[in-house]
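Trainee: okay, predicted coordinates and the sequence, questions at the end:
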Amino acid sequence: MRIDFVTLFPDMFAPIMDASILGRAKEKGLLEWGCVNPRNFSADKHRKVDDRPFGGGPGMVLMAEPLEKAIKSVKKKGTAVIFLSPQGETFTDRKASQLAKKKHVVLVCGHYEGVDERALELFDEELSIGDYVLTGGELPAMVVADAVVRKIPGVLKKEDAAESESFVTSLLDFPQYTRPRVWRGREVPEILFSGDHKKIAEWRHKAAHAATRRKRPDLMSRA
Ligand code: 4GX
C-alpha cells in the first residue's frame, strides 16, 4: 500500500511513520508513504494557503485551490481520498479493515478553522477519530495510517494476527501476565501454569467476557 499525506507540516510524519512496526512495514516493502505540501501549489508569491473567512469571524480557512492541486498531484485511479475532521464519520476498526484493501490512500490534514466548504467534493470520505478538537489533522491522519497498516497481511507477526483481536471479536482482550510470578504479593492465576491449553483458552474467553461487561458494556450489546 501507498499512503500520501497532504499536509502543511510534513516534518511531523517521519518520527512516527518510520518507527517501530510502521517503519518495519516500510523496510519490508509492505508500505510506501510520502507527503505533499499544499504550500508548494500556492498561486500566491508569498505561498499563502489560507485566508480570512468570508462573513467574518476568528481564524483562517484553508483555500480550495492549493488543496485541489496538491491532491491531484498524487491521486491515481482507485485512490481513496480521505479528509480528517471532527465533523466526519467516526473512524472504526471496521473502517481500517476496509481501507487496508486499498492500494493507495491519500489522507488530507486540515488546519485552522477548516477548509473552504467547496473543497469537500475533493474527498471520498470525511473521517473523525473522535469527539474532541485537535490543533490539526496530522495526528488523526497518522492514527488512521497506523490502524490501517497493521491490517496489511505480513505487517504483524503471525502470533498477533489482526483478525483474532478485540473489536473484531467485539470483546476486549483477555488479561495478560508476565514475570515475576508474584508481584507485590499478587499472584498470576494458577491455571496459566497448568499447561492445559484448552482450559487456558476457556479461562481467557471467560475473563475477556468479564472485562468487557465491566469496562465496555456497550461493546457486548453490539455482539
Ligand atoms: N478527528 N482536527 C481538522 C481542522 C478543521 C476544523 C474544522 C474541519 C473543520 C480531528 C478529529 C481534529 C482538528 C482535524 C481540526 N477541519 N480530525 N482540523 N478529532 O480534531 O479528525
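Mentor: In hand now; what should we look at?
Trainee: which of the helices or strands spans the most centrally placed residue in the chain?
Mentor: Closest residue to the average C-alpha location of the chain: residue 144 at 1.6 Å, with C-alpha atoms, centre = their mean. Residue 144 is located in helix 138-149, with elements delineated by DSSP states H and E.
Trainee: paired strands for whichever helix or strand comes after that helix, with orientation please.
Mentor: As assigned by DSSP H and E, the chain's next helix or strand after helix 138-149 is strand 182-183. Strand pairing for strand 182-183, using DSSP bridges, gives strand 186-187 (antiparallel).
Trainee: helices and strands around the helix or strand following the partner strand, which ones?
Mentor: Remark: after strand 186-187, the chain's next helix or strand is helix 197-215, criterion DSSP H and E. Applying 3 or more C-beta pairs under 8 Å, 6 or more residues apart in numbering; DSSP states H and E, one finds that helix 197-215 contacts helix 217-222. C-betas here are computed from N, CA, C, even on glycine.
Trainee: tell me the mean pLDDT over the helix it packs on?
Mentor: Averaging pLDDT along helix 217-222 gives 84.
Trainee: pLDDT score for the nearest residue to residue 83 once chain neighbours are set aside?
Mentor: Among residues not flanking residue 83 along the chain, residue 123 sits closest, at 4.2 Å (C-beta to C-beta, 6 or more residues apart in numbering). Predicted confidence (pLDDT) for residue 123: 98.
Trainee: and for residue 163?
Mentor: 67.
Trainee: what's the answer for residue 4, then?
Mentor: For residue 4, pLDDT reads 99.
Trainee: show me what from the protein comes close to the ligand.
Mentor: 84-87, 110-111, 113-114, 128-130, 132-134, 136-137, 140 (C-beta under 6 Å from any ligand atom).
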